[in-house]
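In: Okay, sequence plus prediction incoming.
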Number of protein chains: 2
Amino acid sequence: MLFMTALFLLAGCAGPALRGTGDLGVVIERASGSVQIVDTSKRVAIATVKGLGDLSHASLVYSRDGRYAYVFGRDGGLSKVDLLRGVIERRVMQAGNSIGGAISQDGTLVAVQNYVPGGVKVFSADTLELIADVPSTYGSAGLRSKVVGLADAPGNRFVWSLFDAGEIWVGDFSNPGKPRIDKFRNVGRQPYDGLITPNGRYYLAGLFGEDGMALLDLWHPEQGVRRILDGYGRGQEKLPVYKMPHLRGWAVAGRYAYLPAVGHHEVLVVDMDTWLEAGHIQVSSQPVFVIARPDGRQVWVIYAFPDNSKVDVIDTETRSIIKQLAPGKTVLHLEFTPRGESVWVSARDDNRVVVYDTETFIQRSVLSAESPSGIFFTHRAARIGF
Amino acid sequence: MLFMTALFLLAGCAGPALRGTGDLGVVIERASGSVQIVDTSKRVAIATVKGLGDLSHASLVYSRDGRYAYVFGRDGGLSKVDLLRGVIERRVMQAGNSIGGAISQDGTLVAVQNYVPGGVKVFSADTLELIADVPSTYGSAGLRSKVVGLADAPGNRFVWSLFDAGEIWVGDFSNPGKPRIDKFRNVGRQPYDGLITPNGRYYLAGLFGEDGMALLDLWHPEQGVRRILDGYGRGQEKLPVYKMPHLRGWAVAGRYAYLPAVGHHEVLVVDMDTWLEAGHIQVSSQPVFVIARPDGRQVWVIYAFPDNSKVDVIDTETRSIIKQLAPGKTVLHLEFTPRGESVWVSARDDNRVVVYDTETFIQRSVLSAESPSGIFFTHRAARIGF
């Protein structure tokens, strides 16, 4: 009996080793409903966690301590994954159709944006208990809008857009169970995604139904939402759009932001002091993600079908493409290491993740993964708007 | 015997619990040669580690995974502290008089800047084995300069200044054992501290022996060092300076940097697009640290003797002081939590650390500490120039 106990304890002790979480990350395996936990120092996978449901278009945020990933599944599943033990700590089905989320500045609240039923639900980051439910009801008929573009802002606020209603809502969750919601109406037709600048000050929504973007200065909400970049959008001809660009993973380098043009083969350069277009860069195809290396010297671009196996690297000083890479078939996402010496790129249809040195463009590592899509590293926990 | 084994194993299992490291930090206790390990989520101390030698003017950097702090003691001691187990993992005496250090972009190299003997030593972050030794020899007489202003830069480079020689050196440690050193001479008299901008592009050295600052664009080292801010310094009258301001913990908010004036009761605002002065803000005394909240909306200022118990909060939009706080006697340092909801302030002569909410300025917590000075949180591991 004691021997058994000793063995049991030994097994217990042989469990997860102590380790820091600052160099961990998660790779979404969309086809199999699983995630890989990766170590960005050794550039290896250390565990696979299954049972996360429908992970198409999945994203995640990290707990304040970097130990847990909150994975937002398309099927409305919200899963809290323990990176150290490699298991699902908790999981709730919180909606029928969901599209991402955010974590509050103080790390206590996880918010999810839902298509069906439309609205934002806010959960305890600790227990996943429901703390607040904000249906996206608009107009006089009691309809609920799809919610998009959810982002965290300083002051334990969340900001999101109502696709069907053309509204931006700001929720102050300082008193979590009784949020104060400020609604900005008539911001433009069909906001399809949103983002917050890295300083947490400006919220922008891209508009699918018309050109331009809706801009809200969170330092001055009393000034209301204004329209910027009238030339930004599909244009008069309504160009075909093969895949909606993502705004959240956008690129900021100094005072300039680099935005994927909608429909066009261009990256727009926007001066964030004036919110006017400062230039545009011809690229290989319709950009889907435009992401800056952490030091802002490079911007990496990936594309929609049929050019979704290309990766272009723009030098921000000359605004020209300095490198083209081919990591594999159907590149879906990329993520830089915290200080930018490496970048991890997912090539879904080659079932691999390729790690490049960002100075030499040499491949540092290739990892096997099942249909990898999103890649997310734990330093996001310490950033506004990630 | 088995019983004993079981007990032993039980004791082993009852060791440090698994936990994330993203919300950990270290408070230097300068008088007792110890550090406290703190949890910024619960706002408590979780361990004290002793035996770190002379910690006056001590600073530290974090390992890439956030588990280890490399503490640079004034006596030349370099200690690798394990935050999870609360012990000194390794310790070497590497010089006679030392003044801080940095960690390379990829996390593999820890560099220390030394006064005596003057130079930079570079160690393996893993083992603390010496990998490179770069004496700060200058001129024709074989003299060695004190080294100051050491900072990390992208591309596994370190940059530092030679106080006695008036030089800036850039070391490329891509091949760690055989660094390439580029020397910039005649940059100005007595560079006393340096800093690198958050994007890793510009290195600035403050000059004690004359006015102005020395600026090196690391994207264009071929352009050499140029002089900026001719009005920055003690001025013609050579004002008394009660404590040298620190440049490293500086404040950047958008395109503006906020610098402590030398000798004057002012914070200088510098436009980083032009490197010209964009204004100055009257403050309570001679500033020692000027540090921005992570969203850049506030800049917090602490002062030299005899006003070193004051803390002023500047609103960056109006450039005026919006709050004055008195956390205790002899405030030596402050550190914001990663997303800025709280700030931790050390009051040495009241033996306490006070935690404020940065929106409401309410005290969230008070921790006891023995003569606390520097406060450092693990998210620094993911930042350039920290």
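Out: Ah, there it is.

In: dump the residue contacts of residue A:336.
Out: A:291, A:293, A:294, A:342, A:343, A:344, A:358 (Cβ atoms under 8 Å, 6 or more residues apart in numbering or on different chains). In this view, the C-beta of every residue, glycine as well, is placed from N, C-alpha and C.

In: and of these, the nearest to residue B:40?
Out: Comparing the contacts of residue A:336 against residue B:40 with Cβ to Cβ places residue A:294 closest, at 22.4 Å.

In: Tally up the residues packed near that closest one, please.
Out: Using other Cβ atoms under 10 Å in any protein chain shown, residue A:294 has 24 other residues around it.

In: Would you tell me what the next helix or strand after the helix or strand of chain A with the lowest mean pLDDT is?
Out: Scoring the helices and strands of chain A by mean pLDDT, DSSP states H and E places helix A:2-13 at the bottom, with a mean of 46. Downstream of helix A:2-13, the next assigned helix or strand under DSSP states H and E is strand A:24-29.

In: quick check: mean pLDDT across that following strand?
Out: What strand A:24-29 shows for mean pLDDT is 98.

In: which other residues reach that strand?
Out: Residues from elsewhere that reach strand A:24-29 (Cβ under 8 Å, 6+ apart): A:35-40, A:45-46, A:48, A:55, A:58-60, A:66, A:69, A:71, A:81, A:83, A:335, A:344, A:346, A:353, A:367, A:369-378, B:65.

In: so of those, which ones are in strands?
Out: Within the contacts of strand A:24-29, residues falling in strands by DSSP state E are A:35-39, A:45-46, A:48, A:59-60, A:69, A:71, A:81, A:335, A:344, A:346, A:353, A:367, A:372-377.

In: returning to what we had before: out of the contacts of strand A:24-29, which are buried?
Out: A:35-38, A:40, A:45, A:55, A:58-60, A:66, A:69, A:71, A:81, A:83, A:335, A:344, A:346, A:353, A:367, A:369-378, B:65 (16 or more other Cβ atoms under 10 Å in any protein chain shown).

In: one step back: could you list which of the ones in strands among the contacts of strand A:24-29 also contact chain B?
Out: Among the ones in strands among the contacts of strand A:24-29, proximity to chain B is found for none (Cβ under 8 Å from any Cβ of the partner chain).

In: Show me which residues of the stretch 51-200 of chain A are close to chain B?
Out: A:62-68, A:83-85, A:105-107, A:154-156, A:199-200.

In: one more time with 10 Å
Out: Contact residues, the stretch 51-200 of chain A versus chain B (Cβ under 10 Å from any Cβ of the partner chain): A:62-68, A:82-85, A:103-108, A:152-156, A:174, A:197-200.

In: Looking at strand pairing, list the partners for residue A:135.
Out: residue A:119 (DSSP bridges).

In: Quick one: neighbours of it, just the number.
Out: When neighbours are defined as other Cβ under 10 Å, residue A:135 has 15 of them.

In: isn't it right next to residue A:146, touching?
Out: No: here residue A:135 does not reach residue A:146: they are 12.0 Å apart, not a contact under Cβ atoms under 10 Å.

In: intersection of neighbour lists for these two?
Out: A:114, A:117, A:118, A:119 (Cβ atoms under 10 Å, 6 or more residues apart in numbering or on different chains).

In: Noted, bye for now.
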